[in-house]
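Participant: would you be able to build a 3D model of this:
(one chain, ligands or ions: 2)
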Amino acid sequence: MFAWGVAVSVRAPYLLLMPLADHLAVPHGTPFRLADLDPRGKDRLQKHTGAPDSKEAAQAALETDIAAIADLQYRLWAENRRALLLILQGMDTSGKDGVVRHVFSGVNPTGVRVTSFKKPSEIELDHDFLWRIHAATPARGEVGIFNRSHYEDVLVVRVHGLVPEPIWRARYETINAFESLLASGGTTIVKCFLHISRDEQRRRLKDRLEDPDKRWKFQEADIEERKHWDDYQAAYEDALTRCSTPIAPWLVIPSDHKWLQRWAIGRVVRETLEGMGPRIPKPRIDVSRMTMK
Ligand code: AMP
Ligand code: MG
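Facilitator: Ligands and ions are numbered 1, 2, ... in the order given. This next block holds a predicted model:
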């Protein structure tokens, strides 16, 4: 069913060489249940990709990946031809902000654009649902990070019936066409679903309530949203299968352990950039002829 399930039967050496994203990708059009995937993910990941088995090992590996990402991002920016778009989705407290803060701690902010999508404004609602999204996509040379995205329009919108069902149902196809448009324009898309368990969310929400430094993050709506947990999981299952395409697959990131989550996303981002192989352009001038007083 899942790449990481199928992978067990394939030859072991290949498994270690296989990009991490292939282990985590959702196959297109195959229904699955998120409840069948372990949000701690340790067992599967460790067996097949040599993932770190402790917080310390994960942090050390992430440090190396952060440095590699910084170098690759410099090249992507200099090359100025293609873009990377990372889409982060997940339930409240799944760690979206933390991923941005940690995985991208080494990059040059000039070439990186983070957009957090909130409830659409009046003006945004007067346009099609992709209007505000398209405007935020990364330009050539940039890395774009979406904290929430157009997927909210088939998630929160579906769970709360904010538009009639035929309208949100039609959006899966629209989203696939939109992402295909971005890809054909030179944007590589990485989509990560940060998979946490219901128990872990309870712990994190309680923590937000009890820790004075975290209390600001807490919203009463978070408790209300939690009541819709099962509806959200079902909405995610549909979005992930319908919109996991070869050009923009969905990856399920085990997220109950933040250290494993951050390591996994850092590794995926690094591997993706390495795969793109951005190159610093040749100088536009003949350096040997340049003299300067
Ligand atoms: P936060 O990520 O905690 O800042 O919350 C942002 C809120 O905006 C979440 O409750 C999202 O569900 C909501 N949101 C984001 N996009 C949309 C959308 N297209 N329609 C309705 N609500 C949205
Ligand atoms: Mg919130």
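Participant: CA atoms for contacts and neighbours, from now on please.
Facilitator: OK.
Participant: who's in contact with the residue most central in space within the chain?
Facilitator: Residue closest to the mean C-alpha point of the chain, counted by CA atoms, centre = their mean, is Cys192 at 3.0 Å. Residues in contact with Cys192, defined by CA atoms under 8 Å, 6 or more residues apart in numbering, are Leu86, Ile87, Leu88, Gln89, Trp250, Leu251, Val252, Ile253, Ile265.
Participant: before we move on, what about His195?
Facilitator: Here His195 is in contact with Pro39, Gly90, Met91, Ser94, Val252, Ile253, Pro254, Ser255, Asp256 (CA under 8 Å, 6+ apart).
Participant: select from these the one having the most neighbours.
Facilitator: Pro254 (28 neighbours; other CA atoms under 10 Å).
Participant: inside strands: which ones of the contacts of His195?
Facilitator: Gly90, Val252, Ile253, Pro254 (DSSP state E).
Participant: who is the residue nearest to the centre of the chain paired with across the strands?
Facilitator: Leu88, Leu251 (DSSP bridges).
Participant: how close does it sit to Phe146?
Facilitator: 10 Å (CA to CA, to the nearest Å).
Participant: and Ile66, by the same measure?
Facilitator: 19 Å.
Participant: check Leu205 too.
Facilitator: 23 Å.
Participant: now swap in Ala51 and tell me
Facilitator: 25 Å.
Participant: again with Ala135
Facilitator: Distance of Ala135 to Phe146, given as CA to CA: 12 Å.
Participant: neighbour count for the two, which is higher?
Facilitator: The neighbour comparison of Ala135 against Phe146 (other CA under 10 Å) goes to Phe146, with 23 against 9.
Participant: surely the more buried one is within a strand?
Facilitator: Yes: membership of Phe146 in a strand is supported by DSSP: H, G, I helix; E, B strand; the rest coil.
Participant: quickly find the element holding Met292.
Facilitator: Under the criterion DSSP states H and E, no helix or strand holds Met292.
Participant: typed the wrong thing, it's Gly29
Facilitator: Going by DSSP H and E, Gly29 is not in any helix or strand.
Participant: go on, Leu194?
Facilitator: With DSSP H and E as the test, Leu194 turns up in strand 187-195.
Participant: and the helix or strand just after that strand, what's its mean pLDDT?
Facilitator: Note on strand 187-195: by DSSP H and E, the next helix or strand toward the C-terminus is helix 198-210. Per-residue pLDDT values over helix 198-210 give a mean of 96.
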